[in-house]
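S.K.: kindly return the folded structure for what I paste below:
(chains A, B, C and D)
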4 protein chains.
Amino acid sequence: MMVPPSYKKLKRGPQVILPKDIGIIIAYTGIGKRSLCIDAGTGSGWLAVSLGRTAGRVVSYDTRDDFLKIAQKNVEIEQLDNVELKRGDVTKKIDESDADLVTLDLANSDKALRNARKALKDGGYVVGYLPHMEQVKKFVSTLEKLKFINVYTLEIIARDMLVRKEGMRPSTKGVWHTAYLVFGQK
Amino acid sequence: MMVPPSYKKLKRGPQVILPKDIGIIIAYTGIGKRSLCIDAGTGSGWLAVSLGRTAGRVVSYDTRDDFLKIAQKNVEIEQLDNVELKRGDVTKKIDESDADLVTLDLANSDKALRNARKALKDGGYVVGYLPHMEQVKKFVSTLEKLKFINVYTLEIIARDMLVRKEGMRPSTKGVWHTAYLVFGQK
Amino acid sequence: MMVPPSYKKLKRGPQVILPKDIGIIIAYTGIGKRSLCIDAGTGSGWLAVSLGRTAGRVVSYDTRDDFLKIAQKNVEIEQLDNVELKRGDVTKKIDESDADLVTLDLANSDKALRNARKALKDGGYVVGYLPHMEQVKKFVSTLEKLKFINVYTLEIIARDMLVRKEGMRPSTKGVWHTAYLVFGQK
Amino acid sequence: MMVPPSYKKLKRGPQVILPKDIGIIIAYTGIGKRSLCIDAGTGSGWLAVSLGRTAGRVVSYDTRDDFLKIAQKNVEIEQLDNVELKRGDVTKKIDESDADLVTLDLANSDKALRNARKALKDGGYVVGYLPHMEQVKKFVSTLEKLKFINVYTLEIIARDMLVRKEGMRPSTKGVWHTAYLVFGQK
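M.R.: Got it, this is the predicted structure:
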């Protein structure tokens, strides 16, 4: 999959959320300049940084210092002053409230949904980034138990096209799957 | 395809650019709170409004007053004060300069590329939204003639997943194609 | 999805297995003129009839007389004398042995795998047609318990293309999902 | 993409037509034990051999002796006595008539359509295997000029699924595109 130039300058440590999924999270939740976004785990911080470009304020949590260091570099590369990186475990505690968006990319994201709900304002969104179908099922079922509304699940496929002298066609090989995105609204 | 709640309140006149494509445009071009975006044609204004949420300023052109009226409604629904709707034909003239992004969704978008290039700052992006492969070929070839760099073409497929008591699976039917997205950088 | 002319003449009662999946079953298992195929449930008999065209002999089981009647019509329309339709439940018993292929499209296809294994010759294939991921998991896990080899799962997407005066592009809407196909070899 | 065991034993010289496309050609054209199939170019002979398994008789043309040699090996591996390999150029001449199917995988397949039409019986199919969109357009337009009916174009995507202890999901990477298939009926 083609990585857009706006991401090529960023550092890439642990597995990153790719621009194709980042774009959908931003567009589908309608976040903007006035929005507060909570993000966990930070990982390389690609999502945190992208949210930072478009949202009012971003707080991103990770339990690992080495990841937070990479993310900090990326915040600096993007010259953002509205992204705060925090060492912490959102399944235990989220300090903020009245958030417009909580994004979860953890091994056990469903365990963070109760805290996510508390941190969200009414109408705010939670989004799970979940590679496996079993995780999706557990996440959706927890969303329903916690009375989230407008729950939906999708998968974004970005298909590169080759446009060349010899002809136009989809690229032969490509990235088929990163993760499912599950949305829920408080 | 599921339309996210953040778009359901918007009016829908002429064919709209859907959130799946809007998100990719925002993420791949990395626009943010300091960016100036030019958009044409406005259509129902879904893209203009979405850019308005995340960018510094948006100027959107259309030649049809009836479309501009619908878009104006949507700007009001979203309570945006940074989106300017203009009657005008970007294949003739773009008033602005130093833009970070020019998005083109016209029957003859390739005819607007020369003006788009003039309006862009160095490093700025143009994005074409092009339903047919013949349009893509013409657009890409014009981008190359005009010395745009990092030209690439992709197609975004949003696949809805059903997660229900009876089991999890992709939805039976769905939207397969809206348009190809072609990116170029000045 | 476009239904090929060779299928348009067939009757369509209960949900049918579509040509896109039928073709993959035939090609991936390599069945041919000398092969014995067992099929259950018959349904409208589209798969049984298609196997009948290419294989030596086909025996297709269903528990419902009304389905077998529709399938019988289709066998007659195709003028096949090598397709036998049987009332019976393959989770209880399969009369045949030394089969090259057993295809299973039942609500509880995994329950038929023990009998399928007995009916197959060494190197023969079983194929499950399974709409939901939960069924796939159970089917795969049973295949592994029963020591089937070369187990693999795939999904076939047939994407219609429009080639018209106004341009070429994928069709706007289409069939996204019918079922997963799971293959195992004895 | 997973290659099914039934193809793993075959030799692979020049680019082959993969089982996913072979299966669709067989199923969509409804060929069977009584059918005569013409195939060009032979290439490694995977399609010729697959047609040989299911059809009455297959004649496969190629202009290159080295390809015909590889294909001959594959005919022997499959122990088929109904597949004839011929050195020849189908854009110049097809010896056979009353064929049920003509498959074309040439750089200039559209040039062979006039001869294909002559070789076909009424109701018989021609299928083009065409990697690029420009080839599809030319092929479809020639089919229409030559009064073929039921012309349609599709693309087959075989998506591998991983079903493992850690969870079920589509494979990360895969084959996105081989070629478009264009069908026409005399």
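S.K.: from D:V59, how far off is the nearest residue to A:N74 once chain neighbours are set aside?
M.R.: Once flanking residues are discounted, A:N74 sits nearest to A:G45: 4.5 Å by C-beta to C-beta, 6 or more residues apart in numbering or on different chains. Where C-beta positions appear, they are placed from N, C-alpha and C, glycine not excepted. Remark: distance between A:G45 and D:V59 (C-beta to C-beta, to the nearest Å) = 61 Å.
S.K.: the more surrounded of these two?
M.R.: Counted by other C-beta atoms under 10 Å in any protein chain shown, A:G45 and D:V59 do not tie: A:G45 has more neighbours, with 35 against 25.
S.K.: residues making contact with stretch A:157-173?
M.R.: A:1-2, A:18, A:20, A:174-176, B:24, B:133, B:136-137, B:140, B:152-159, B:180, B:182, D:131-135, D:173-178 (C-beta atoms under 8 Å, 6 or more residues apart in numbering or on different chains).
S.K.: 7 Å - rerun?
M.R.: A:1-2, A:20, A:174, B:133, B:136-137, B:140, B:153-157, B:159, B:180, D:131-135, D:173-177 (C-beta atoms under 7 Å, 6 or more residues apart in numbering or on different chains).
S.K.: mark which of those residues are buried, thanks.
M.R.: A:1-2, A:20, A:174, B:133, B:136-137, B:140, B:153-157, B:159, B:180, D:131-135, D:174-177 (16 or more other C-beta atoms under 10 Å in any protein chain shown).
S.K.: spit out the contact partners of whichever residue of chain A sits closest to chain C.
M.R.: Going by C-beta to the nearest C-beta, chain C is nearest to A:M133 of chain A, at 4.9 Å. By C-beta under 7 Å, 6+ apart, A:M133 lies in contact with B:M168, C:M133, D:G167, D:M168, D:R169.
S.K.: between these, which has the most around it?
M.R.: C:M133 (26 neighbours).
S.K.: give me the sheet partners of the longest strand along chain A and which way each runs.
M.R.: Longest strand of chain A, by residue count under DSSP state E: strand A:149-164. Strands that pair with strand A:149-164, judged by DSSP bridges, come out as strand A:167-170 (antiparallel), strand A:180-185 (antiparallel), strand B:149-164 (antiparallel).
S.K.: which one of the ones you listed lies nearest to B:S109?
M.R.: Across the strands paired with strand A:149-164, B:S109 has its closest neighbour in strand B:149-164 (13.1 Å, C-beta to C-beta).
S.K.: list the contacts for the residue nearest to A:N74?
M.R.: A:S60, A:I70, A:A71, A:N74, A:V75.
S.K.: gap between it and A:A112?
M.R.: A:G45 sits 18 Å away from A:A112, going by C-beta to C-beta.
S.K.: what is the neighbour count of the spatially closest residue to A:L143 that is not a sequence neighbour?
M.R.: Nearest residue to A:L143, sequence neighbours excluded (C-beta to C-beta, 6+ apart): A:G184, at 4.2 Å. When neighbours are defined as other C-beta under 10 Å, A:G184 has 27 of them.
S.K.: what's near enough to touch A:G184?
M.R.: When contacts are counted by C-beta under 7 Å, 6+ apart, A:G184 touches A:Y125, A:V126, A:L143, A:F148, A:N150, A:V151.
S.K.: which one of the residues you listed sits closest to chain B?
M.R.: Using C-beta to the nearest C-beta, these come closest to chain B at A:N150, 5.2 Å.
S.K.: surely that closest one and B:Y7 touch.
M.R.: No - A:N150 lies out of contact with B:Y7 (C-beta atoms under 7 Å); the separation is 11.8 Å.
S.K.: between those two, which has more neighbouring residues?
M.R.: Between A:N150 and B:Y7, B:Y7 has the larger neighbour count (other C-beta under 10 Å), namely 19 against 16.
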